[in-house]
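**Student:** compute the structure for the input listed below.
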Amino acid sequence: MADYAHPGALVTTEWLQDHLTDDNVRVLEVDYDPSSAYQLGHIPGSVLVDWKRDINDTLRRDILSHEQFEQVLGRVGATPDTTLVLYGDMRNWFAAFAFWTFTIYGHADIRLLNGGRRKWFEEGRPTTEEVPDVAPTEYRAPQADTSLRAFLPDVKKVLGRDDFNLVDVRSPAEFKGEISAPPEYANEGAQRAGHIPGAANIPWAQAIKDDDTFKSADELRQLYAAQGVTGDTPVITYCRIGERSSHTWFVLRYLLGFPTVSNYDGSWSEWGNSVGVPVEKEVREPAVASA
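**Tutor:** Numbers count the residues shown, from 1 in each chain. Below you'll find the predicted structure:
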């Protein structure tokens with residue numbers, strides 16, 4: 001992992017097993033469906049963070065507020081100096097979303113478990129069904145860094161510009177407009193299918209290997225450069241609700257070190273339902289560099 005721009009943003013399963021009892025390390029399992037993941041077994045000492053309940057505002061279409069973030073971090077027993085190690089179900093989608101959100105609210109030391117829940121379990125490392133008894137803290141966070149987040153007006157401003165990259169990390173079928181949502185979320189599709197004009201389609205899973213660990217830095221650079229995404233211009237990532245695109249946001253910002261990357265978490269669930277915004281269905285051919 002030394003070739004990554006910020007190798008400290010990742011930890012291996014070996015590292016985590018060696019540091020499970022460290023007083024300054026707090027392990028968080030971030031799940032979309034805790035009943036089929038955390039409740040059936042988890043890394044010893046890990047505390048559950050429910051994506052739907054804890055990372056999102058339950059009354060409005062938004063991430064958790066500054067105050068809610070402080071409450072969540074206090075509930076899991078963290079301080080601003082705590083090393084947070086995040087992992088979860090769905091191949092780390094929602095752990096990456098939490099990483100992005102926690103970074104917005106300024107927590108300094110956050111790390112993603114490379115390979116996530118799947119790799120830990122497949123390696124036969126220790127698990128438990130016991131829920132840890134955590135002493136709560138009074139957590140205080142700095143003001144939010146909203147530059148890491150893109151909103152609908154931000155995306156509209158960059159349409160047709162050559163000095164910006166839009167990266168659609170959804171499946172090719174979603175990108176082409178053949179479906180408006182993955183089959184397992186068919187009831188959550190938008191009114192229109194397709195993609196944001198000018199976006200490059202680089203599915204999020206192309207950045208990981210069969211064991212859910214990330215590909216090498218060289219492989220990742222080649223993957224994104226093939227679609228003209230090199231970090232020379234700002235990047236906005238998006239998917240359907242922002243979870244898959246937060247995974248790609250992590251790759252571009254922390255593994256490749258791109259200086260300006262934001263995640264449009266409104267994503268297709270917002271764009272595809274918005275009045276008066278354009279939609280494309282044809283596939284954009286990547287530019288071929290001149291000799």
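
**Student:** contacts and neighbour counts: CA atoms only from here.
**Tutor:** Will do.

**Student:** quick one: residues in contact with the longest helix along the chain.
**Tutor:** Longest helix in the chain, counting residues (DSSP state H): helix 93-104. Residues from elsewhere that reach helix 93-104, judged by CA atoms under 8 Å, 6 or more residues apart in numbering: 29-32, 51, 55, 63, 69, 86-89, 110-112, 144-146, 148-149, 242-244, 246-247, 249-250.

**Student:** so for that helix, mean pLDDT?
**Tutor:** Helix 93-104 comes out with an average pLDDT of 98.

**Student:** list the residues that contact Arg111.
**Tutor:** 8-11, 83-86, 99.

**Student:** neighbour-wise, which one of these leads?
**Tutor:** Leu86 (29 neighbours; other CA atoms under 10 Å).

**Student:** tell me the secondary structure at that one.
**Tutor:** Local secondary structure at Leu86 is given as strand here, using DSSP: H, G, I helix; E, B strand; the rest coil.

**Student:** now do it against Phe175, distance only.
**Tutor:** Per CA to CA, to the nearest Å, Leu86 is found 29 Å from Phe175.

**Student:** that older thread, show me which of the contacts of Arg111 is closest to Asp22.
**Tutor:** Thr83 (9.7 Å; CA to CA).

**Student:** you'd agree Arg26 is up against Leu84?
**Tutor:** Yes - when contacts are counted by CA atoms under 8 Å, Arg26 is listed as touching Leu84 (5.1 Å).

**Student:** make a markdown table from the contacts of Arg111 and add distance to Asp212 to it.
**Tutor:** What follows is the contacts of Arg111, written out as a markdown table (distance: CA to CA, whole Å):
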| residue | distance to Asp212 |
| --- | --- |
| Gly8 | 18 |
| Ala9 | 16 |
| Leu10 | 13 |
| Val11 | 13 |
| Thr83 | 22 |
| Leu84 | 20 |
| Val85 | 16 |
| Leu86 | 14 |
| Phe99 | 17 |
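
**Student:** paired strands for whichever helix or strand comes after the longest helix of the chain, with orientation please.
**Tutor:** Heading C-terminal from helix 93-104, the first helix or strand you meet, by DSSP states H and E, is strand 110-113. According to DSSP bridges, strand 110-113 forms sheet pairs with strand 10-11 (parallel), strand 83-88 (parallel).

**Student:** so can I have CSV of those showing distance to Thr128 and mean pLDDT?
**Tutor:** Listed next are the strands paired with strand 110-113 as CSV, based on distance: least, CA to CA, whole Å; pLDDT from 0 to 100:
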stretch, distance to Thr128, mean pLDDT
strand 10-11, 20, 98
strand 83-88, 15, 98
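
**Student:** Gln222 is nearest to which of the ones you listed?
**Tutor:** strand 10-11 (20.6 Å).

**Student:** that closest one: what's the following helix or strand?
**Tutor:** Next along from strand 10-11, by DSSP H and E: helix 13-18.

**Student:** can you dump the C-alpha atoms of that next one in CSV for me?
**Tutor:** The C-alpha trace of helix 13-18 is given here as CSV (Å, rounded to 0.1, in the frame of the first residue of the first chain):
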residue,chain,number,x,y,z
THR,A,13,-6.7,-7.0,8.3
GLU,A,14,-3.4,-8.0,9.9
TRP,A,15,-2.8,-4.5,11.2
LEU,A,16,-6.3,-4.3,12.7
GLN,A,17,-6.1,-7.7,14.4
ASP,A,18,-2.9,-6.5,16.1
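
**Student:** buried sites along that helix?
**Tutor:** Under the neighbour-count criterion of 16 or more other CA atoms under 10 Å, helix 13-18 has 13, 16 buried.

**Student:** can you give me how far that helix is from the chain middle?
**Tutor:** 22 Å (CA atoms, centre = their mean, to the nearest Å).

**Student:** same question for stretch 107-127.
**Tutor:** The answer for stretch 107-127 is 15 Å, by CA atoms, centre = their mean.

**Student:** what about that stretch, average pLDDT?
**Tutor:** Averaging pLDDT along stretch 107-127 gives 98.

**Student:** on that earlier part again, let's see which of the contacts of helix 93-104 end up in strands.
**Tutor:** By the criterion of DSSP state E, membership of these in strands covers 29-31, 86-88, 110-112.

**Student:** circling back: make JSON lines out of the strands paired with strand 110-113 and add distance to Thr237.
**Tutor:** Formatted as JSON lines, the strands paired with strand 110-113 follow (distance: least, CA to CA, whole Å):
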{"stretch": "strand 10-11", "distance to Thr237": "20"}
{"stretch": "strand 83-88", "distance to Thr237": "21"}
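
**Student:** could you pull out the strands for the chain?
**Tutor:** Going by DSSP E, the chain shows strands at 10-11, 25-31, 47-50, 83-88, 110-113, 165-168, 200-201, 235-238, 261-263.
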